[in-house]
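1. 3D model of this:
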Amino acid sequence: MSVVSAVPFMKPLHMRSPVPRGRRHTLPASEFRSLSPEDAISVFEIEREAFISVSGECPLHLDEVRHFLSLCPELSLGWFEEGRLVAFIIGSLWDQERLTMDALTLHKPHGPTVHIHVLAVHRTFRQQGKGSILMWRYLQYLRCLPYVRRAVLMCEDFLVPFYQKSGFKVQGPSEITVGPLTFIEMLYPVRGHAFMRRNSGC
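-> Numbers count the residues shown, from 1 in each chain. So this is what the prediction gives:
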């Protein structure tokens, strides 16, 4: 069962009116759904533009995008407008308290932690609050997954306030470095929202 059909709040935000006679196709104005390997190129194009210009490094290369979208597509979320990908999140499962270099490439199917590898928004749609909205929807979705206890990510210093607004707490410097780049590790306690899970319709 797809994420969209399984979880009420993952349904499209807006739907067009019924299709007039004579028109064969229509697309939802705005739709949230999990991603598939077929979305990998669109994902990577957005990611590359968003990160290369800022830090010079992509969190995930194209083969890694395909890797995670094949292994755990249910831990991804894409925002589509008129059928076009405008923002996305890719995650995988991890089985330790803190992230290590292995977390960059491995998916641990029995882990209780979702490692959020990347959140990116297409340049045309930035400064519209889409990143915050997408993260909110993603965290709402994680609350419906009984095996998930927490979400973790690592980011550069200047992004810490953005993630704090979504409820993430600073855990301290990450042991992971990429070239000259250093990161802060942040945590969101999904397990701490058990009451919300019981009352969310999951």
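2. From residue 168, how far out is the residue lying closest to residue 167 once chain neighbours are set aside?
-> Among residues not flanking residue 167 along the chain, residue 188 sits closest, at 5.5 Å (Cβ to Cβ, 6 or more residues apart in numbering). Bear in mind the C-beta positions are built from the backbone N, C-alpha and C, glycine included. Separation of residue 188 from residue 168 (Cβ to Cβ, to the nearest Å): 5 Å.
3. Show me whatever sits in contact with both of those two.
-> Residues touching both residue 188 and residue 168 (Cβ atoms under 8 Å, 6 or more residues apart in numbering) are residue 151.
4. how many neighbours does residue 169 have?
-> Residues near residue 169, counting by other Cβ atoms under 10 Å, number 11.
5. Quick check on it: phi, psi?
-> Main-chain dihedrals, residue 169, degrees, to the nearest 10: phi -110, psi 140.
6. wait, doesn't it sit right on residue 185?
-> No - contact between residue 169 and residue 185 fails when scored by Cβ atoms under 8 Å: they sit 9.9 Å apart.
7. give me the element the residue nearest the centre of the chain is part of.
-> The residue lying closest to the centre of the chain (Cα atoms, centre = their mean) is residue 89, at 2.0 Å. Using DSSP states H and E, residue 89 falls within strand 84-94.
8. That strand packs against which elements?
-> Other helices and strands packing on strand 84-94, by 3 or more Cβ pairs under 8 Å, 6 or more residues apart in numbering; DSSP states H and E, are helix 40-52, helix 62-71, strand 76-81, strand 113-121, helix 130-142.
9. Same list (these) but as CSV, adding mean neighbour count, mean pLDDT and distance to residue 29.
-> Shown next, in CSV, are the helices and strands packed on strand 84-94 (neighbours: other Cβ atoms under 10 Å; pLDDT from 0 to 100; distance: least, Cβ to Cβ, whole Å):
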stretch, mean neighbour count, mean pLDDT, distance to residue 29
helix 40-52, 18, 92, 18
helix 62-71, 18, 97, 24
strand 76-81, 22, 96, 7
strand 113-121, 24, 97, 17
helix 130-142, 19, 96, 14
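10. Can you give me every residue that contacts residue 56?
-> The contact partners of residue 56, by Cβ under 8 Å, 6+ apart, come to residue 179.
11. List phi and psi for the nearest residue to residue 154 once chain neighbours are set aside.
-> Leaving aside its sequence neighbours, residue 154 sits nearest to residue 183 (Cβ to Cβ, 6+ apart; 3.9 Å). Phi and psi for residue 183, reported as degrees, to the nearest 10, are phi -140, psi 160.
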